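1. Here is a sequence together with a model predicted from it:
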Amino acid sequence: MTTSPFRWSFRAQFLAGFLACAALIGFALYTQLHGGLEPCPLCIFQRVAFAALGLVFLLGGLHAPQGAGGRRAWGVVALLPALVGLGIAGRHVWLQHLPPDRVPACGPGLDYMLEAMPLTGVIRKVLTGSGECANVDWSFLGLSMPAWSLVWFVLLAGWAAFAAFRRR
């Protein structure tokens with residue numbers, strides 16, 4: 001049996017997607033706890049999207065449907081959190097590239113907003129962004145952490161689609 005990803009089973013591909021999501025969340029937590037990088041509200045939402053995507057990958061990998069219809073259903077379900085995360089990361093990257101005079105003012109922390117506002121209000125407020133979301137505190141190869149998140153959401157969405165819709 002070859003180890004090419006094109007020969008991997010649906011189960012192996014989805015479990016690899018889960019491991020990638022777990023590694024990304026682990027890296028984010030490492031940079032927070034050991035690197036001193038406090039996540040902004042949009043970063044936290046991206047973590048939630050990675051966690052949701054990872055959960056779908058895990059459940060799909062454990063279920064491992066035999067039929068094409070089941071694999072496609074898991075692929076569509078996996079694409080939902082991937083696309084949501086892609087949108088959040090894209091918004092975050094957009095905020096980071098705004099001219100300084102167009103950056104929104106800093107808002108209250110996520111903890112305060114969750115206590116003081118209904119959940120829909122919190123989501124709306126976070127997605128409009130605030131000044132702390134425009135800061136670039138970390139970069140690697142010229143890309144900020146939200147830009148890397150955007151890249152990973154694109155890659156993981158493609159991975160889910162490939163695993164679910166390729167011919168067997």
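-> Done, it's in. All figures in this text were calculated on a predicted structure; none of them were measured in a lab.
2. where do the helices sit along the protein?
-> 10-33, 41-63, 68-96, 110-116, 119-128, 145-165 (DSSP state H).
3. Could you point out which residue ranges in this structure have low pLDDT?
-> For the chain, applying pLDDT under 70 flags the ranges 1-6, 100, 102-110, 112, 125-134, 168.
4. tell me the centre residue of it?
-> Nearest residue to the geometric centre of the chain (Cα atoms, centre = their mean): Phe50, 3.7 Å.
5. ok, back up a step: wait, which of the helices of the chain is closest to Asn135?
-> helix 68-96 (7.8 Å; Cβ to Cβ). Using the backbone N, CA and C atoms, a C-beta is placed for each residue, glycine as well.
6. And the residue nearest to the centre of the chain, how far from Ala78?
-> Using Cβ to Cβ, to the nearest Å, Phe50 is found at 12 Å from Ala78.
7. what's the burial count for Phe27?
-> 13 (other Cβ atoms under 10 Å).
8. brain fart, Arg124
-> Neighbour tally, Arg124, other Cβ under 10 Å: 11.
9. give me every residue that touches the residue nearest to the centre of the chain.
-> Neighbouring residues of Phe50 by Cβ atoms under 8 Å, 6 or more residues apart in numbering: Cys21, Leu24, Ile25, Ala28, Gly85, Ser149, Trp152.
10. picking that back up, need the helices of the chain in JSON lines (columns: distance to Asn135).
-> Converted to JSON lines, the helices of the chain look like this (distance: least, Cβ to Cβ, whole Å):
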{"stretch": "helix 10-33", "distance to Asn135": "14"}
{"stretch": "helix 41-63", "distance to Asn135": "11"}
{"stretch": "helix 68-96", "distance to Asn135": "8"}
{"stretch": "helix 110-116", "distance to Asn135": "15"}
{"stretch": "helix 119-128", "distance to Asn135": "15"}
{"stretch": "helix 145-165", "distance to Asn135": "10"}
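11. for the ones you listed, which one sits closest to Val136?
-> It's helix 68-96; of the helices of the chain, that one is closest to Val136 (Cβ to Cβ) at 5.7 Å.
12. buried stuff in that closest one?
-> By neighbour count on 16 or more other Cβ atoms under 10 Å, the buried set for helix 68-96 is 71, 74-75, 77-79, 81-82, 84-86, 88-93, 95-96.
13. repeat for stretch 49-64
-> Ala49, Phe50, Ala51, Ala52, Leu53, Gly54, Val56, Phe57, Leu58, Gly60, Gly61.
14. Name the nearest of those residues relative to Gln13.
-> Of those, the one sitting nearest to Gln13 (Cβ to Cβ) turns out to be Gly61, at 7.8 Å.
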